[in-house]
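Q: predicted model follows, preceded by the sequence.
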Amino acid sequence: MLLGARQVGKTWIMNHFGRQEYQSVAYIDQEWMENRPLYTIASVYLQQRIKRSQL
């Protein structure tokens, strides 16, 4: 988990690092996930994985 001030590039640097060092990266936005049922989160995750595999 990466914490810090808003709008300083935390997401960008972690995504950049992940793409450079790993074959796949999972991005989890905990603010977005708050108060959402697990099936909604899983559905969005699976849709993103399918879209990436079709590229």
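A: That came through, no problem.
Q: can you list contacts of the longest helix anywhere in the chain?
A: Criterion DSSP state H: the longest helix present in the chain is helix 38-53. With contacts defined as CB atoms under 8 Å, 6 or more residues apart in numbering, helix 38-53 is touched by A26, M33. Just so you know, the C-beta spots here come from the backbone N, C-alpha and C atoms, and that holds for glycine as well.
Q: buried sites along it?
A: Residues of helix 38-53 include none that count as buried (16 or more other CB atoms under 10 Å).
Q: output stretch 17-34 as PDB, nothing but the C-alphas.
A: C-alpha atoms of stretch 17-34 as PDB (Å, rounded to 0.1, in the frame of the first residue of the first chain):
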ATOM      1  CA  PHE A  17       7.300   0.200 -11.800                       C
ATOM      2  CA  GLY A  18       4.900  -2.700 -12.200                       C
ATOM      3  CA  ARG A  19       5.000  -2.700 -16.000                       C
ATOM      4  CA  GLN A  20       8.900  -2.500 -15.900                       C
ATOM      5  CA  GLU A  21       9.400  -5.300 -13.300                       C
ATOM      6  CA  TYR A  22       6.500  -7.700 -13.700                       C
ATOM      7  CA  GLN A  23       4.400  -9.500 -16.400                       C
ATOM      8  CA  SER A  24       1.100  -8.400 -14.900                       C
ATOM      9  CA  VAL A  25       0.000  -5.800 -12.400                       C
ATOM     10  CA  ALA A  26      -3.100  -5.500 -10.200                       C
ATOM     11  CA  TYR A  27      -4.300  -2.000  -9.300                       C
ATOM     12  CA  ILE A  28      -6.600  -1.800  -6.300                       C
ATOM     13  CA  ASP A  29      -8.200   1.500  -5.500                       C
ATOM     14  CA  GLN A  30      -9.300   1.200  -1.900                       C
ATOM     15  CA  GLU A  31     -11.200   4.500  -2.000                       C
ATOM     16  CA  TRP A  32     -13.300   3.200  -4.900                       C
ATOM     17  CA  MET A  33     -13.800  -0.100  -3.200                       C
ATOM     18  CA  GLU A  34     -15.200   1.300   0.000                       C
END
